[in-house]
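In: can't give you the sequence, but here's the structure:
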């Protein structure tokens with residue numbers, strides 16, 4: 001496996017905008033199968049009572065993604081490679097466990113996912129082999145988790161495929177996308193979409209855009225568990241088990257090849273406001289989370305055997 005080097009400062013690199021190019025045509029036409037190596041890294045932190053950020057969990061996972069197409073349909077098969085996570089909930093963040101499912105297959109036409117397989121059986125198999133406290137296993141066995149993980153897969157695909165047709169290389173494209181009916185989502189509220197120009201990733205010319213959105217946390221237990229269970233706040237807050245919820249303001253940054261729709265890089269930065277209530281006293285407390293996801297996609301290139309060199 002070629003090791004992908006993750007550089008946290010990559011988004012500070014200079015943007016390489018083509019001289020005089022003001023518009024670009026975005027399409028999702030793949031002429032030949034392509035395999036990408038994906039490296040995904042996530043940071044889960046909350047603020048303590050002094051307002052200082054405390055890191056709790058850092059996840060890191062490698063996977064291979066094979067892209068192919070037939071007609072208007074794009075097919076993606078994801079195969080788990082290895083996990084390098086660390087921290088308080090390194091084996092238990094449900095959205096991160098999904099990357100460790102052995103194989104997940106997706107089919108889509110444009111931004112619409114038409115088929116998604118592998119999560120149902122794969123998630124059950126994964127949980128059966130991961131040792132954990134019973135209280136966490138009970139949470140992860142919630143029957144709503146697998147539908148939630150499927151929604152996240154679809155959400156990432158939709159964010160990566162918001163643009164279609166001719167769009168400005170740099171500019172606010174919110175109204176254009178509204179007119180095209182491409183911002184009609186039930187579970188998130190998109191505030192705006194802004195294209196930022198071209199950037200070079202993996203020797204590929206990629207279009208960079210950011211989706212500014214608001215969303216709610218479907219399963220707020222685990223960020224609460226990290227906040228109260230890893231000494232970020234005093235133990236008394238472990239009793240605040242009722243009314244758990246979270247609301248996020250999110251910046252979802254996407255870099256894609258405009259000709260094929262293949263991803264180059266994705267970055268989500270979330271600032272969350274979380275609520276927890278003491279079930280007896282009804283005392284209500286809020287806390288803040290800082291969560292970021294970064295996914296880097298490199299074209300997988302075969303390394304010739306020594307005998308062939």
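Out: Ah, there it is. Since the model is a prediction, treat every value here as computed from it, not as a measurement.

In: partners of the host helix or strand of residue 296 in the sheet?
Out: For residue 296, the host element (DSSP states H and E) is strand 284-299. Strand 284-299 pairs in its sheet with strand 34-47 (antiparallel), strand 263-277 (antiparallel), by DSSP bridges.

In: average pLDDT for the helix or strand following the shortest one, rounded please.
Out: What that stands for is strand 34-47. Counting by DSSP H and E, the next helix or strand C-terminal to strand 34-47 is strand 53-70. Strand 53-70 comes out with an average pLDDT of 97.

In: now strand 53-70 against strand 284-299, angle please.
Out: On the basis of axes from the mean of the first three to the mean of the last three Cα atoms, to 10 degrees, strand 53-70 is oriented at 40 degrees to strand 284-299.

In: distance between the following helix or strand past strand 53-70 and the chain's centre?
Out: On the C-terminal side of strand 53-70, the closest following helix or strand by DSSP H and E is strand 73-83. The chain centroid and the centroid of strand 73-83 are separated by 14 Å under Cα atoms, centre = their mean, to the nearest Å.

In: now do strand 73-83: which elements does it pack against?
Out: strand 53-70, strand 103-109 (3 or more Cβ pairs under 8 Å, 6 or more residues apart in numbering; DSSP states H and E). C-beta: built from backbone N, CA, C; applies to glycine.

In: who touches the helix or strand just after it?
Out: The helix or strand immediately downstream of strand 73-83 is strand 86-87, counting by DSSP H and E. Contacts with strand 86-87, where a contact means Cβ atoms under 8 Å, 6 or more residues apart in numbering, come from 44, 55, 56, 57, 58, 59, 60.

In: taking those, tell me the two that lie furthest apart.
Out: Largest separation among the contacts of strand 86-87 by Cβ to Cβ: 56 and 60, giving 14.7 Å.

In: compare those two (neighbour count), which wins?
Out: Just comparing residue 56 and residue 60: by other Cβ atoms under 10 Å the higher neighbour count belongs to residue 56, 23 against 17.

In: and stretch 25-42, which residues are buried?
Out: 26, 28, 30, 34, 36, 37, 38, 39, 40, 41, 42 (16 or more other Cβ atoms under 10 Å).

In: surely the last one touches residue 58?
Out: Read it as residue 42. Yes: counting by Cβ atoms under 8 Å, residue 42 touches residue 58, with 7.1 Å between them.

In: tell me how far the spatially most central residue of the chain lies from residue 187.
Out: Nearest residue to the geometric centre of the chain (Cα atoms, centre = their mean): residue 293, 5.6 Å. Separation of residue 293 from residue 187 (Cβ to Cβ, to the nearest Å): 17 Å.

In: same deal with residue 161?
Out: Distance, residue 161 to residue 187, using Cβ to Cβ: 17 Å.

In: let me see the confidence value for residue 275.
Out: Reported pLDDT for residue 275: 97.

In: and it, how many neighbours?
Out: Residue 275, neighbours per other Cβ under 10 Å, totals 17.

In: so it touches residue 289, yeah?
Out: No: under the criterion of Cβ under 8 Å, residue 275 is not in contact with residue 289, lying 11.7 Å apart.

In: where does pLDDT dip in the stretch 201-309 of the chain?
Out: Scanning the stretch 201-309 of the chain with the threshold set as pLDDT under 70 gives 302-309.

In: next, count neighbours for residue 155.
Out: 17.

In: I figured it hits residue 186, correct?
Out: No: using Cβ under 8 Å, residue 155 is not in contact with residue 186; the gap is 10.9 Å.

In: okay, now residue 197: neighbour count?
Out: For residue 197, the count of nearby residues is 18 (other Cβ under 10 Å).

In: now it: which helix or strand?
Out: strand 188-201.

In: name the helices or strands packed onto that strand?
Out: strand 170-172, helix 174-179, strand 204-216, strand 263-277.

In: so which of the strands paired with strand 284-299 gets nearest residue 209?
Out: strand 263-277 (10.9 Å).

In: the closest one: how far from the chain's middle?
Out: 9 Å.

In: follow-up on the earlier one: and the helices and strands packed on strand 73-83: which comes nearest residue 227?
Out: Closest of the helices and strands packed on strand 73-83 to residue 227 is strand 53-70, at 7.5 Å (criterion: Cβ to Cβ).

In: with that, I have no additional questions.
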